[in-house]
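J.: Sequence plus the predicted model coming up.
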Amino acid sequence: MNPERITTTGDDGTRVVGPVNAALTPRWAGLGTFARLPRTDEVEHTDIAVVGVPFDAGVSYRPGARFGSNHVRESSRLLRPYNPAQNVSPFAGKQVADAGDIVANPFDIGEAITSIEAQAKELMGETTQLVAIGGDHTIALPLLRAAHSRHGKVALLHFDAHLDTWDTYFGAEYTHGTPFRRAWEEGLLDTDAACHVGTRGPLYGTEDLDDDARFGFGIVSSADVMRLGVDAVVAHLRERVGDRPLYVSLDIDVLDPAHAPGTGTPEAGGMTSREVLEILRGLRGTNVVGADVVEVAPAYDHAELTGVAAAHVAYELITLLAMGPGAAPDGPAYGLAGHVYGAAAPEAGQEQR
Ligand SMILES: N=C(N)NCCCC(=O)O
Ligand SMILES: [Zn+2]
Ligand SMILES: [Zn+2]
């Protein structure tokens, strides 16, 4: 069956093929791609590719993130084409398409990392931007290598309960707890502009924090988000990353297990999905060049809580890429006046724009 799709004229004047029209084909029908978008082989070119990286041989605790990519796709069927939080239709101006899955050797982590990097670069071609859906956090390293090959050193916002700058596990260098230490060692990061967000939970010792600070990372803890609030955190992050090429890596365990139980290394005291989505929206106009959403392990999920949260995170990341750098501060399309992303909040009652 060839379901009818929403088509538009894109920002560059070419025809853009969007999601299956949900008014004509029920949302639960048909083969699943992310947000019911076309596959990359069904469109002439792709500006933004959503790509699965179903690899989880790097996990230190519960396995199962290899099933995350398709779980998030399945949980994304209810996403709608207009994002009122940014007053943007992310699938209308740019061609967004699902590239299927990068394949990686599940028995050889080194080979998997090399081949994920190669396939990511191939998919990126000259101009395509990637939003990767894991998979465990190991995959951030080859994806950062691919981003670095196009943009040079990148700023990094790393949303996660964990630092993921540890050195080795059982002597293994390439694991889901170590990608950002390797990335720092490889010179992939602009360490004046790298920051963890949502950090919490017990560590192995104070040296974890000493090492992390030595690598140049800043930390906005989960408790900071609660105490300072979303707007202050957004202001801090925007200041830190400026207009540098920015890679966003989001481990779904940044969310409290109440919001995202389906993950391999859950930690209590996490952020709400509302906080995470609002902080991402606050990055409007920054120069996001690539992103990943990782660590969704569906065997521990309930009622698609984690899958839906990850799908919405990916939707906001796609929206940021679709708007591009320099997008002017704008407010949501509805709600009480008082919030403009990326700008000082106006006084209550003041007009939004
Ligand atoms: N990247 C994630 N999700 N977890 C890292 C946890 C590493 C550890 O077991 O200490
Ligand atoms: Zn984590
Ligand atoms: Zn992680």
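T.: Noted; the coordinates are in hand. Ligands and ions are numbered 1, 2, ... in the order given.
J.: List the residues that contact Pro266.
T.: With contact set as Cβ atoms under 8 Å, 6 or more residues apart in numbering, Pro266 has these partners: 161, 253, 257, 260, 300. All C-beta atoms are positioned from the backbone trio N, CA, C, and that covers glycine.
J.: What is the burial count for the third one?
T.: Read that as Pro257. The local packing of Pro257 (other Cβ atoms under 10 Å) involves 18 other residues.
J.: And for the last one?
T.: The local packing count at Tyr300 equals 16, with neighbours defined by other Cβ under 10 Å.
J.: Need the three-state assignment for the closest residue in space to it that isn't next to it in sequence.
T.: Excluding the flanking residues, the one nearest Tyr300 by Cβ to Cβ, 6 or more residues apart in numbering is Gly262, at 4.6 Å. Taking DSSP: H, G, I helix; E, B strand; the rest coil as the rule, one finds Gly262 in the coil state.
J.: Tell me if Ile133 really is in a helix.
T.: No - counting by three-state DSSP, Ile133 is not found in a helix; it is strand.
J.: Was I right to think it contacts Val53?
T.: Yes - Ile133 is within contact range of Val53, at 6.9 Å (criterion: Cβ atoms under 8 Å).
J.: so what sits against both of those two?
T.: By Cβ under 8 Å, 6+ apart, Ile133 and Val53 have these common neighbours: 69, 292.
J.: burial of the closest residue to Arg66 other than its chain neighbours, as a residue count?
T.: Of all residues not flanking Arg66 in the chain, Asp56 sits nearest, at 4.1 Å (Cβ to Cβ, 6+ apart). Neighbourhood size, Asp56 [other Cβ under 10 Å]: 26.
J.: Please apply the same query to Ile102.
T.: Neighbour count for Ile102, taken as other Cβ under 10 Å: 26.
J.: That one contacts Arg66, doesn't it?
T.: No - using Cβ under 8 Å, Ile102 is not in contact with Arg66; the gap is 12.0 Å.
J.: any idea which of the contacts of Pro266 is closest to Lys121?
T.: Among the contacts of Pro266, Asp253 lies closest to Lys121 (Cβ to Cβ), at 27.7 Å.
J.: tell me the SS of the closest one?
T.: Quick answer, by three-state DSSP: Asp253 is helix.
J.: quick one: contacts for it?
T.: Counting by Cβ under 8 Å, 6+ apart, the residues that Asp253 touches are 160-162, 260, 263-267, 270, 295.
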